[in-house]
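Q: Task: produce atomic coordinates for the following.
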Amino acid sequence: VVGMAGMLDLGYVGFYAVGAYTVAVLSSKHGNWPWLLSMPVAILVSMLSGVLLGAPTLRLRGDYLAIVTLGFGEIIRLLAQRFDWLGAEPGIPNIPPPLKHGLFGIKFDPLHSTSYYWLGLTIAIVVYFFLKRLEGSRVGRAWTAIREDEDAAELMGVPTFQFKLWAFAIGAGVGGLAGTLYATKT
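A: All right, here's what the predicted structure looks like:
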């Protein structure tokens with residue numbers, strides 16, 4: 001969002017929280033979904049929240065967009081503290097680990113914290129290669145044009161609103177993915 005499309009998003013932690021709370025609710029609070037099934041749902045919910053926030057606000061530029069996204073992050077925090085079905089102040093306990101039973105000697109429990117390191121490193125590498133491939137594509141070139149001069153990109157035929165919305169949704173999805181890892185770790 002910031003690096004490729006040039007939009008300042010200060011409420012990124014809101015998408016992180018949406019992903020974390022979605023995994024927590026699906027896997028422990030209201031359902032018994034495994035982490036591997038609730039993770040894609042959390043990413044999609046985070047992307048949807050990015051689209052819902054971005055659709056009315058992406059016509060703003062610069063500091064105004066940053067203020068709106070900062071407000072979104074604060075609203076998510078207040079909602080999470082307010083509602084009991086989201087755990088209220090203490091949060092949601094008993095979120096299961098990514099794998100309940102070990103796989104190839106990898107166990108996710110407090111005594112084996114290096115497993116979370118390897119999972120986080122693997123996720124970071126996959127996201128890096130996904131975004132690197134995206135940067136070299138038509139979408140990445142459109143984001144670069146928008147970052148450099150949005151008006152000139154619009155005049156050259158780039159549908160700037162559509163590509164900015166894609167950037168917001170993909171950024172929200174990556175934030176939601178990080179939130180899923182955080183929720184299961186803590």
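
Q: residue boundaries of the strands in this structure?
A: For the chain, strands defined by DSSP state E do not occur.

Q: the longest helix in it is where?
A: Determined from DSSP state H, the single longest helix within the chain is helix 160-185.

Q: Enumerate the positions of it that are buried.
A: Buried positions in helix 160-185, judged by neighbour count with 16 or more other Cβ atoms under 10 Å: 160, 163-185. Any C-beta I mention is one placed from the backbone N, CA and C, and that applies to glycine too.

Q: what's stretch 41-53 in contact with?
A: 11, 14-15, 18-20, 22-23, 26, 33, 68-69, 72, 165, 168-173, 175-177, 179-180 (Cβ atoms under 8 Å, 6 or more residues apart in numbering).

Q: what residues are up against the nearest residue to residue 72 once chain neighbours are set aside?
A: By the measure of Cβ to Cβ, 6 or more residues apart in numbering, the closest residue to residue 72 outside its immediate chain neighbours is residue 11, 4.0 Å from it. Residues in contact with residue 11 (Cβ under 8 Å, 6+ apart) are 53, 68-74, 76.

Q: Who wins on neighbours among the residues you listed?
A: Ranked by neighbour count (other Cβ atoms under 10 Å), the contacts of residue 11 have residue 69 at the top, with 26 neighbours.

Q: That one: what's it in contact with?
A: Counting by Cβ under 8 Å, 6+ apart, residue 69 has contacts 8-12, 14, 53, 57.

Q: Looking at those residues, state which has the most neighbours.
A: Most surrounded of the contacts of residue 69: other Cβ under 10 Å gives residue 14, at 28 neighbours.

Q: Could you measure from it over to residue 69?
A: 8 Å (Cβ to Cβ, to the nearest Å).

Q: go on, residue 45?
A: Residue 45 is 17 Å from residue 69, by Cβ to Cβ.
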